[in-house]
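Undergrad: Any chance you could fold what I've pasted below:
(one chain, ligands or ions: 3)
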Amino acid sequence: MNKKRKARYITTFISFILFPVILNFLSPYVSVAAAMSGIVSGSVIVFIALFVSGFFFGRGFCSYVCPWSAPSDLLRMVNDKRVDRKKLSIIRYSIYGVWLLVLVSGFILAGGIKGVDPLYLTETGISVDEPGKYITYYFVIVLLFITTVWVGRRGACQTLCWMSPFMVLGMLLGDKVKFLRWKVHAQKEQCIQCNQCNQVCPMSIDVVGELQSGTIDSYDCILCHQCVEACPRSVLSIQRKKRI
Ligand code: SF4
Ligand code: SF4
Ligand code: SF4
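TA: Numbers count the residues shown, from 1 in each chain. Ligands and ions are numbered 1, 2, ... in the order given. Model (predicted):
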């Protein structure tokens, strides 16, 4: 196992262990509840940070930080089916669109932004700080678990995730202003079409198809490095540069 993968496993495992602590800071519910009172909660601040992180680091958060990353990787042992990303993205962006509308409406109904409270509904700084809150925590875990096992590779990421669209928006802005993006680059003439990269890609990206342009441009690429490691011809590498 190379250093990058080891680092990824360690950081995402720690993040998952800390999930009961940080849950509210990633919560779509807490952000809406606060918005109804005109309060910018910790989760909204994190979502803005995810947008900025998307601009600079693409979907790196998904590989190195997100608490659901480690379980997603492990659950491939249960269901490793490649998924239809296009179809599932319709579900994901529909859920995101409705939620964003509710969030913005909350602020409008509250008469605008009245304050910032990073610890909204998290006064102790710990999200799950009393037995009753475990119900919410386990509900989230079970929902993500069932969706991933049912749908296939990173099923919850592909269907339910309300955080990835913020990173994608950051990436879109980065592309618009021509800020160089971290991407998988390919020396396509070295490729022997063995399909190893497609077999390992956790995001079900058609790496072989995309590499024909010299880069994997998909906004679903989480820079996990797995295709790079799997390639027997060292065709692939993750770099931040212009198209080859
Ligand atoms: S897509 Fe969402 S749930 Fe999946 S790793 Fe990225 S941020 Fe986490
Ligand atoms: S294309 Fe490569 S780096 Fe991107 S998600 Fe797939 S395996 Fe990971
Ligand atoms: S693993 Fe490497 S050689 Fe095989 S198809 Fe992918 S890029 Fe080509």
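
Undergrad: other SSEs contacting the one helix or strand Ser105 maps to?
TA: In this structure, Ser105 sits in helix 85-109 according to DSSP states H and E. Applying 3 or more CB pairs under 8 Å, 6 or more residues apart in numbering; DSSP states H and E, one finds that helix 85-109 makes contact with helix 28-35, helix 155-159, helix 164-176. (C-beta placed from N, C-alpha, C; glycine too.)

Undergrad: Look up how far Glu189 lies from Val83.
TA: 30 Å (CB to CB, to the nearest Å).

Undergrad: repeat for Leu100
TA: Taking CB to CB, one finds Leu100 at 43 Å from Glu189.

Undergrad: and those two? which has more neighbours close in?
TA: Relative neighbour count places Leu100 above the other of Leu100 and Glu189, with 18 against 6, counting by other CB atoms under 10 Å.

Undergrad: after the helix or strand bottoming out on mean pLDDT in the chain, next one along is what?
TA: Lowest on mean pLDDT, DSSP states H and E among the helices and strands of the chain sits helix 3-17, with a mean of 91. Counting by DSSP H and E, the next helix or strand C-terminal to helix 3-17 is helix 19-22.

Undergrad: Now tell me what touches that following helix from outside.
TA: Ser15, Pro67, Gly125, Ile126, Ser127, Val128, Tyr134, Tyr137, Ile141 (CB atoms under 8 Å, 6 or more residues apart in numbering).

Undergrad: Over to stretch 149-167?
TA: Stretch 149-167 has contacts (CB under 8 Å, 6+ apart) with 26, 28, 47-48, 50-51, 53-54, 58-59, 61-62, 66, 68, 72, 75-76, 78-83, 85, 88-89, 91-93, 95-96, 99, 143-144, 147-148, 202-204, 220.

Undergrad: Just confirm yes or no for the helix or strand containing Ser63 near ligand 2.
TA: Element membership of Ser63, judged by DSSP H and E, is helix 60-64. No. Judged by CB under 6 Å from any ligand atom, helix 60-64 and ligand 2 are separated, with a smallest distance of 7.4 Å.

Undergrad: Which other helices and strands does the next helix or strand after that helix contact?
TA: From helix 60-64 onward toward the C-terminus, using DSSP H and E, the following helix or strand is helix 69-74. Packing contacts for helix 69-74, counted by 3+ CB pairs under 8 Å, 6+ apart, involve helix 3-17, helix 133-151.
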